[in-house]
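Student: generate coordinates for the sequence data below:
(2 chains)
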Amino acid sequence: MPTLRERLNNELDRVTLDHCVKCTLCEQNCPVAPVTDLFSGPKFVGPQGERFRNEFSVDHSIDYCSSCSTCTVVCPQGVNVAEINSIGRALMREETGIPLRDRLIVNTTMMGRMMTPVAPVANAVLNNKLARVAMEKVIGVHRAAAMPTARSQSFRSWWRKHTPAKPATRGPVVFFHGCAGGYFEVETAKQTVEVLEYIGYEVLVPKQSCCGLAAQSNGLFDQASASVRSLVDQLRSAGEDLLIISSAGSCGGMLRHEARKILGIDDPELADVGLRMRDISEFLMDLHMAGELPTDFAEIAMRVPYHQPCQVRSQGMGMPAADLMRLIPGLEVVESFATCCGIAGTYGLKKEKYEIGQLVGKDLFEMVEATNQGYAACDTETCRWQIEKSTKVTTVHPIFFIHKAYGLAR
Amino acid sequence: MRHLEAEVVVVGGGSTGVGVARDAAMRGFRTILLERADLGQGTTSRFHGLLHSGGRYVVSDLGSATECAQENAILRRIQPHAIEDTGGFFVVTPDDDPAFADDFLAGAAKTGVPATEIPVAEALRRERLLNPGIKRVIEVADGSVDGWALVWSAARSAQSHGAQVLTYHRATGIQVRDGRVVGISAHDVKNDEQVLIDCSFILNCAGPWAGQVAALAGCHDVNVIPGAGIMIAMNHRLVNTVINRCVYPTDGDILVPVHTVSIIGTTDVKADDPDKLTIPRDQVQQMMDAGSVLIPTFREHRAVHAWAGARPLIKDDRVSSSDTRHMSRGMAVLDHDTRDGIKGMLTIGGGKLTTYRLMAEHIVDAMCEQLGQTRECTTATEPVPGEADGKLYHVTHRLHEREKNRLDEQTICECELLARSQLVSAMKEQPLGTMDDWRRQTRLGMGPCQGGFCSTRAAGIAVAEEVVDHERATGLLRLFLANRWIGLWPILANDQVRQVALDHWMLDGTMSVGHLPALETEIKQ
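Tutor: Take a look at the predicted model:
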C-alpha cells in the first residue's frame, strides 16, 4: 500500500513552506493558539514542523488545529499553512488511528436519514441531559455541544411536492444544499430555492450526498475523497455549464478549493464544478452589481449581528452576505470581525476540544448577545448551531432576511 | 605561559585529528589535541553531509569504495547519533549514459558495496520531485552525517580515555632536538597565552593546512593541494533519500538530505589558500543547474545558505597538480623520519569523512610501528559515550523532543526548533565561544531565516545567563550576522531575498544592531 503522501498529490502545497519568512502573522491571527497551550500555532506546526516530518508523525498536538484556514488566508507570502497542517494531521491520524467518534460525527447524511423519520424522539434524546452525558462518556461528544435539530420533513421530500410559484424567466441554475441543508437546515434550503425562483430562475436539484469536508478535517482522507468525487458527479449530472448555487457555506469551499488543495484531487471534473460554484449571497451580489437583482425589498427594521465563518472567508469572495443584507431597507448589519466561532465543523463538538471552541467563540458570542434584536446571521450550518447554542439567539442564514424582505415568508 | 606534557600531540581538530586523538587515547597514549579554531570548523563541516556507501567510487577508485562500505557500517554502530539512515539512489538522468550503470553494478559487486537496481517507478513513487525522465536507479546504503556531531562525540570519547582537547589553540612552533620531536608550542587564542607542550610524537592532521604545520618543523615541501568546492543548502528536504548521479565522479553530482535541509554539491577547483575560499557566482549557477537535472523544479525551491570547503588532497605524481578531482581519495601517511630525517612526526592527508576512523587507525598504527610497539586499535568496536543505544538520528528528532517539552521550554531558534536549555548548555560549555561555536553544536540560526529571529534572542540569553556582558554580546551578534551573510549573499534570490529584507528591517531598522554600544574593537574570532 503506498504511503498517504504517495497517494496524495499535495507536493506543490507542501513546498510552499519555502515562502515562509517567519513573520508570525499566521500565529497572530490564529483563533486557537491564543486560547490554549495545547496547540503550538500554525507557523510552528506548519512551515516549521513540516521541515522535520519526512512523512512521519511525531507532533500529535497538531490535532488541536481547528482547520479554520485563517493562516492561509492571512499569509502575505503565499504559504499554504492550513493545507500543510491538514496533511500533517492526516498523516498523524493515519499512524495513530481515528477514534470511532470521529468516524461517526462526520456522517451527516447518515444522521439525517436516521433522525428525520423519528425527529421528535431524536430531538428529545439530544436534549436529554442524561443521554448527553452517556454520549460524552461513550463516544466523546461533549455534553454541552450544539447538536443539529432533526426535522420531520427532509428537503428532498418537500422538493418532490414543490411547484414553482411562477414560470422561470431566466433559465436554469443548479442548487447545492449540502447534507445539513438536506436534513437539518431544511428551511434555509427551501428559502434559497424560493428566492431563486422568485427572481426568475429555474432551479434544478440533483440528488446530492455529502461533500466530505468533515471527513477531511478529521483526517479521513480516503473517505473524504470518495465523497467529494461522487458529489461532483451528482452535481455535474444536472447539466453542463450551469452555475451551481450553494446555500451550504463551507461545503462550497470544499468543492472550490479544499478538495484540490488538501485532498490533492486534480480532476478536471472537480475543477469544472469548483469553477461553477457560487455561494448564494455571492451570486445575488453579482446580479446586483450587474443591475439584475430585483430590489423590491420590504423594510426590516432590525439590527442583526452577522458572522462570516472562517471557511467562507477562505473562499476569497469578500463579504457578500453582509453587502446583500444591507440592500434591505432598515436592516442594520453589524459585522462580527471574529475569526471563528469555535465549532470549525466538528472540532468544537469534541469532548477534549469543546472548552477551546467556547473560548475561541467567546468574543463573537458576547458581540452577538450585545447587538442582536432577536436574530443573528451566519452562512454555515454548524456555525449557526454553535452561535445559537452558545448565545440562545436564533441564528439564521442571510437568505432568511432576503426571503423575508421579498415577502416570501409564510 | 602554560606548560603541559603529553606523549602524543595531535594537530588539527577536524574529523581526522579528533579520530586520531580518540584512537591514540584508546590505545593508552597520553594525548593532547590542538585545534586553532573550533572542532570541525575547517573541512569537516564544510561538506555535503554524505556518509558514503562507497557507490561513488565503485568505478573510479575501487579501494576507496570498499573502505567506504566498511566504515559506513562501523560508524553506524559507534556514532549512531550523528548519522541518519537515508539510503541512497544512483540515478541515470536523461543526460547520462545508461551503460555506466552496468559498470557501476559490476564495480559494486567487485568492491563489496551493497547495490541493487530498482524500478524507476518505485524510485519516483518514493521521491516525488525526482526527474521523471530518469532511466535507471540503483539503490545503495548512503546515509547523511552531521560533521559537528561526529567530531564532538569522537572528542568526548577521546576525553573519556584521558585525552585533552584544546580548541582555539594555534600551533606556533615545533621543537626538534637531535633529529627528534621534543615539543610543540601553541597560542591559546581565547586567553592570549603561550602554551608549551613537551611531547615525543606529533601527528599532523591539519588537512589542507598540513603543509603549514609540517613547515613548523622545517619540512617545507609537504604538498597538500586544497581542492575547493561549494555547496548550497536548500530550505527543506526536497528528497529524503540521497540522490547521486550515476556517472563518473563529476561536479554537482549529489543531493543529500541532512537534518532539515538538502544540500547540493559540489565543485572542485584548485585553491591557493584554504583560508581564502570564495563562493563564485558561476559555481552557484552551476550547482543550481546540476540540481535541476536531478529535480526539475530545483530552481523554484529556496536556497538558504552556501559555503565552500577545501579537500586535503596530497599531491599524487600520477596526475597533474591542477586536476584535484582525480587525485587519490585514499589516505596517504607521510613519515618525516624517512622523508626529512625527523623522528616523531607523521603527516596524514587525503581521505574523506566517511573513512576518518580508518585513517586514524592507519596513522596511529604507523606511529606504533615507528615506536616499535604493538597496541591494538579498538575504535571500531567501542561506541562513543552515550551512544551505545545504537539509535540512529532521524530528522523528526527535534520535533519529537519539542512536542514533549514545548509547554515548559522556550524555543529559541524556531527554524531549527532549538530549545533554550540546549543553547544555554552549549554556551556554558564554551563560555569564551562565539555564537558560531554555539551554532555548530546546536544549529542555532541555520534554518530559513538565518538567524533573523533567533540571533538577538541568543545574544540576550547569553547576557541573562551571565556568560558574556552586553558589550561582548553585541560584538558576538554582529560577528554572527556577518558570518551568516558570507553564505547568504551568493545565493540571494526569490524567497531568500524577502527573508533577508525582513531580517534587515528588524535587525538594522528596528533594533539598530549596527549602532548598539559594543567593544571598541570588533570581535574577530
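Student: so residue 264: helix, strand or coil?
Tutor: Went with chain A since none was named. For A:G264, the secondary-structure state derived from DSSP: H, G, I helix; E, B strand; the rest coil is coil.
Student: wrong chain, I was asking about chain B
Tutor: strand.
Student: before we move on, what about B:L313?
Tutor: B:L313 ends up strand, using three-state DSSP.
Student: I'd say it and B:G227 touch.
Tutor: Yes - assessed by CB atoms under 8 Å, B:L313 is found in contact with B:G227 at 5.0 Å. (C-beta placed from N, C-alpha, C; glycine too.)
Student: higher neighbour count, the two?
Tutor: B:L313 (28 against 23; other CB atoms under 10 Å in any protein chain shown).
Student: give me the pLDDT value at the more buried one.
Tutor: At B:L313, the model reports a pLDDT of 76.
Student: any idea what it is bridged to?
Tutor: Under DSSP bridges, the beta-bridge partners of B:L313 are B:I225.
Student: three-state assignment of B:M231?
Tutor: strand.
Student: residue contacts, it?
Tutor: Counting by CB atoms under 8 Å, 6 or more residues apart in numbering or on different chains, B:M231 touches B:R46, B:F47, B:H48, B:I263, B:I264, B:G265, B:T266, B:M287, B:A306, B:W307, B:A308, B:G309.
Student: report the distance from stretch B:416-435 to the chain centre.
Tutor: A distance of 19 Å separates the centroid of the chain from that of stretch B:416-435, by CA atoms, centre = their mean, to the nearest Å.
Student: quick one: the helices in the stretch 101-250 of chain A, in order.
Tutor: Using DSSP state H, counting those that start in this stretch, the helices of the stretch 101-250 of chain A run over residues A:108-115, A:119-126, A:129-139, A:155-161, A:178-183, A:186-198, A:213-217, A:221-236, A:249-253.
Student: please name the nearest non-neighbouring residue to B:L476.
Tutor: B:M435 (5.0 Å; CB to CB, 6 or more residues apart in numbering or on different chains).
Student: so who does that neighbour touch?
Tutor: B:M435 touches B:L444, B:G445, B:S455, B:A458, B:A459, B:A462, B:L476, B:L477, B:L479, B:F480, counting by CB under 8 Å, 6+ apart.
Student: which parts of the stretch 51-200 of chain A sit against chain B?
Tutor: Selection of the stretch 51-200 of chain A residues close to chain B by CB under 8 Å from any CB of the partner chain yields A:R51, A:F52, A:R53, A:N54, A:E55, A:F56, A:V58, A:D59, A:H60, A:S61, A:Q77.
Student: one more pass at 7 Å, please.
Tutor: With CB under 7 Å from any CB of the partner chain as the criterion, the stretch 51-200 of chain A meets chain B at residues A:R51, A:F52, A:R53, A:N54, A:F56, A:V58, A:D59, A:H60, A:S61, A:Q77.
Student: so among these, where is pLDDT lowest?
Tutor: For those, the pLDDT minimum is A:N54, 79.
Student: does it touch B:N240 like I think?
Tutor: Yes - counting by CB atoms under 7 Å, A:N54 does reach B:N240; the two are 5.2 Å apart.
Student: quick one: the strands in chain A?
Tutor: Counting by DSSP state E, chain A has strands at residues A:172-176, A:202-204, A:244-246, A:277-279, A:302-307, A:331-335, A:375-378, A:394-396.
Student: oh, that last question was meant for the stretch 201-350 of chain B, not what I typed.
Tutor: B:201-204, B:224-234, B:242-245, B:254-258, B:261-265, B:269-270, B:303-314, B:331-335, B:345-350 (DSSP state E, counting those that start in this stretch).
Student: ditto for the stretch 1-150 of chain B
Tutor: For the stretch 1-150 of chain B, the strands defined by DSSP E, counting those that start in this stretch cover B:2-5, B:8-11, B:31-34, B:50-51, B:83-84, B:88-92, B:115-118, B:136-140, B:143-145.
Student: repeat for the stretch 351-500 of chain B
Tutor: B:411-413, B:418-419.
Student: does the last one reach chain A?
Tutor: No - residues of strand B:418-419 contacting chain A under CB under 7 Å from any CB: none, with a closest distance of 11.5 Å.
Student: ok, back up a step: most neighbours, which of the residues of the stretch 51-200 of chain A next to chain B?
Tutor: A:R53 (26 neighbours).
Student: quick check: closest non-adjacent residue to the residue of the stretch 301-410 of chain A found nearest chain B.
Tutor: Using CB to the nearest CB, the closest approach of the stretch 301-410 of chain A to chain B is made by A:I356 at 15.0 Å. The shortest distance from A:I356 to any residue other than its chain neighbours is 4.9 Å, reached at A:T36 (CB to CB, 6+ apart).
Student: residues near the one you found, how many?
Tutor: By the criterion of other CB under 10 Å, A:T36 has 14 neighbours.
Student: and B:L407, by the same measure?
Tutor: 11.
Student: next: A:G239.
Tutor: 13.
Student: can you list the low-confidence ranges for chain A?
Tutor: For chain A, the stretches with pLDDT under 70 are A:1-10.
Student: can you tell me which of the strands of the stretch 201-350 of chain B the model trusts least?
Tutor: Ranked by mean pLDDT, the strands of the stretch 201-350 of chain B end with strand B:331-335 at the bottom, a mean of 82.
Student: now do that one against strand B:303-314, angle only.
Tutor: 40 degrees (axes from the mean of the first three to the mean of the last three CA atoms, to 10 degrees).
Student: what strands line up against strand B:331-335, and which way round?
Tutor: strand B:345-350 (antiparallel).
Student: what sits up against the partner strand?
Tutor: Residues outside strand B:345-350 that contact it (CB atoms under 7 Å, 6 or more residues apart in numbering or on different chains): B:16, B:181, B:202-205, B:210, B:214, B:217, B:222, B:224, B:312-314, B:328-336, B:359, B:363, B:366-367.
Student: and for stretch A:354-374?
Tutor: Stretch A:354-374 has contacts (CB under 7 Å, 6+ apart) with A:31-32, A:35-36, A:142, A:144-145, A:302-305, A:307, A:334, A:336, A:338, A:340-343, A:347-348, A:376, A:386-387, A:390-391, A:393-394.
Student: the same query, at a cut-off of 8 Å, please.
Tutor: A:31-32, A:35-36, A:38-39, A:64, A:66, A:142, A:144-145, A:302-305, A:307, A:334, A:336, A:338-344, A:347-349, A:376, A:386-387, A:390-391, A:393-395.
Student: next: stretch A:151-162.
Tutor: A:112, A:116, A:119-120, A:177, A:181-184, A:186, A:189-190, A:193, A:205, A:207.
Student: just the closest of the residues you listed to A:E269, please.
Tutor: Using CB to CB, A:K207 comes nearest to A:E269 of these, at 16.9 Å.
Student: how close does the closest one sit to B:H81?
Tutor: Going from A:K207 to B:H81 by CB to CB, to the nearest Å gives 59 Å.
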